[in-house]
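Participant: Sequence first, predicted coordinates after that:
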Amino acid sequence: MESKNIPFLAFVLLIFLFVVSSTAAPAGKIKARLPCKRLVFYFHDILFNGRNSKNATSAIVGAPAWANTTIMAGQNHFGDLVVFDDPITLDNNLHSTPVGRAQGFYLYDRKDIFTSWLGFSFVFNSTQHKGSINFAGADPIMDKTRDISVVGGTGDFFMSRGIATLMTDAFEGEVYFRLRVDIKLYECW
Amino acid sequence: MESKNIPFLAFVLLIFLFVVSSTAAPAGKIKARLPCKRLVFYFHDILFNGRNSKNATSAIVGAPAWANTTIMAGQNHFGDLVVFDDPITLDNNLHSTPVGRAQGFYLYDRKDIFTSWLGFSFVFNSTQHKGSINFAGADPIMDKTRDISVVGGTGDFFMSRGIATLMTDAFEGEVYFRLRVDIKLYECW
Amino acid sequence: MESKNIPFLAFVLLIFLFVVSSTAAPAGKIKARLPCKRLVFYFHDILFNGRNSKNATSAIVGAPAWANTTIMAGQNHFGDLVVFDDPITLDNNLHSTPVGRAQGFYLYDRKDIFTSWLGFSFVFNSTQHKGSINFAGADPIMDKTRDISVVGGTGDFFMSRGIATLMTDAFEGEVYFRLRVDIKLYECW
């Protein structure tokens, strides 16, 4: 009877070894690229242009010497710094009920092409989501999709890390744009 | 004798399974929410208002078209961008010996309520702490406590990640405020 | 025969315990400080000063009340906020073929000494590197070397975290500086 059990026990050990080695995540090793959480949202930015103070959700607050804070700067807006508090919606309709606010800043940082840099948070306080997701990264606007980093989170998104894929879903001149944000979290707690 | 040992070995395996599964931290799995390091500090911000250049530790450097850089903007300071170099203390006394500097920026990003966004570092260079802790996140000022992300660290705080809980400990009009920062690191190296 | 196998099995278990405990990376435990990836680059910043609009790669876009956006502010440039799009090169020659762009902002945040705070990305789109690395942190410029955080990455640098050691490799007055960036990633996916 024992001579049967020992090979069985060795087999269990082997299976166990396999399972442990495939789930443990030592620093510096390849990890599976499957999101532990995925969320898609839209946010809507209406830039203050001197005439829309009631509807505007963002405003230029910094500009280079050759420009001002009412009109976007020449040279692809290079140097314009914009602060925003934009509604987040589940679909692409500006008039849908917001599920949170996108808050932070973006700046245009290139003279020969539209390119921006973003530092902002998604702030949620609904029955569905409570907490915030913090983003940072370069946004080469002219690319169809571009990736920025999820650098942290709080509440429901405690300690999250991941990638957010941005897509310009619509824009109207220099006043309105709508971004689709596909959030893929690869570290969830 | 062997018939006794085999159940014992199976028991060891079970215990082992339990220990491994509770300490390994595979990507995407639930991890224990116990901080590996916890630190509480205060920092003190004295905003330049045109008359206090000697004491001021911060200054407005960006403002929307309807405002300027000497007086906080209307509409809950929406659009004001402030750069700061604030003393960090261990207690809530502005005149205590600073243990480091809080350096970076904050901006006000909402028209209908006080809300800000922070990007800054705690910089330490004392016998007790050397290195820096980097923070980013939304700060809904009117909430009693709010969480931002610790997105990284250097020196003693090498590769740290975590949460910092902010509390407005005091404020005097638009010139002085003091924040209590309860830093909870969940990733320590 | 079984009496030989059981100690052997126990030995295997012990070895196994040792291997698992030394490779698993539970949250809050000491991890090896060996980079999984290391990269060294230079980037070159030419600040707009009112006369060099053709060559300038950066511009002051925010300044305190006592200064303007054409000339660096007094008091160690306290409050100056600069947006940049700087070429990245493999060596310290400004005229080498750029391998990417450093894009984002820096600000000067101290009155009594040169100190800055950085939020930026390295953006690569070459055969060698595709993707971006996102940085944030305090830069006490007068120190010979200083560390900031790598807070995330995309593409080839998917989910990266680490440290970047900055060194001022050269500077010419208030118009040009060159930074050496030694990137050490400790989390690679």
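Facilitator: Happy to help now that I have it. Numbering: from 1, shown residues only, chains lettered A, B, ... in the order given.
Participant: Give the residue spans of chain A that score low on pLDDT.
Facilitator: A:1-32 (pLDDT under 70).
Participant: where do the helices sit along it?
Facilitator: A:2-23, A:74-77 (DSSP state H).
Participant: And for A:Ile148, nearest residue in space, chain neighbours not counted?
Facilitator: Distances taken as CB to CB, 6 or more residues apart in numbering or on different chains put A:Gly137 closest to A:Ile148, at 3.0 Å, once the chain neighbours are dropped. Placement of C-beta: from N, CA and C, glycine included.
Participant: you'd agree A:Pro98 is up against A:Thr89?
Facilitator: Yes. Between A:Pro98 and A:Thr89 there is a contact under CB atoms under 8 Å: 5.9 Å.
Participant: more crowded one of the two?
Facilitator: More crowded of A:Pro98 and A:Thr89, by other CB atoms under 10 Å in any protein chain shown: A:Thr89, with 19 against 16.
Participant: State the distance from the closest residue to the more buried one other than its chain neighbours to A:His44.
Facilitator: Excluding the flanking residues, the one nearest A:Thr89 by CB to CB, 6+ apart is A:Ser96, at 4.1 Å. Separation of A:Ser96 from A:His44 (CB to CB, to the nearest Å): 9 Å.
Participant: Need the overlap of contacts for these two.
Facilitator: By CB atoms under 8 Å, 6 or more residues apart in numbering or on different chains, A:Ser96 and A:His44 have these common neighbours: A:Thr89.
Participant: Tell me which of these two has more neighbours.
Facilitator: Between A:Ser96 and A:His44, A:His44 has the larger neighbour count (other CB under 10 Å), namely 24 against 14.
Participant: Show me what the residue nearest to A:Phe171 when sequence neighbours are not counted bridges to in the sheet.
Facilitator: Leaving aside its chain neighbours, A:Phe171 sits nearest to A:Phe177 (4.0 Å; criterion: CB to CB, 6+ apart). Per DSSP bridges, the residues bridged to A:Phe177 are A:Asp45, A:Phe171.
Participant: Now do A:Phe177 against chain B, distance only.
Facilitator: 17 Å (CB to the nearest CB, to the nearest Å).
Participant: now stretch A:141-152, how far from the centre of its chain.
Facilitator: Remark: stretch A:141-152 is offset 7 Å from the chain centroid, using CA atoms, centre = their mean, to the nearest Å.
Participant: mind listing what the nearest residue to A:Gly131 once chain neighbours are set aside touches?
Facilitator: Among residues not flanking A:Gly131 along the chain, A:Gly155 sits closest, at 2.0 Å (CB to CB, 6+ apart). Shown in contact with A:Gly155 (CB under 8 Å, 6+ apart): A:124, A:129-132, B:147.
Participant: and those, which are buried?
Facilitator: Neighbour-count burial (16 or more other CB atoms under 10 Å in any protein chain shown) is assigned, among the contacts of A:Gly155, to A:124, A:129, A:131-132, B:147.
Participant: Show me which of those residues is closest to chain C.
Facilitator: Of all these, chain C sits closest to A:Ser132, with 15.6 Å by CB to the nearest CB.
Participant: need the contact list for that closest one.
Facilitator: Residues near A:Ser132 by CB under 8 Å, 6+ apart: A:121-124, A:153-155, A:157, B:137-138, B:147.
Participant: Among those residues, which ones are in strands?
Facilitator: A:121-124, A:153-155, B:137-138, B:147 (DSSP state E).
Participant: Can you name the residues that contact A:Phe122?
Facilitator: Listed by CB under 8 Å, 6+ apart, the contact set of A:Phe122 reads A:41, A:88, A:100-102, A:132-133, A:135, A:181.
Participant: what bridges to the nearest residue to A:Thr154 once chain neighbours are set aside?
Facilitator: Distance criterion CB to CB, 6+ apart; nearest residue to A:Thr154, sequence neighbours excluded, is B:Asp147 at 3.8 Å. Note on B:Asp147: beta-bridge partners by DSSP bridges are B:Thr165.
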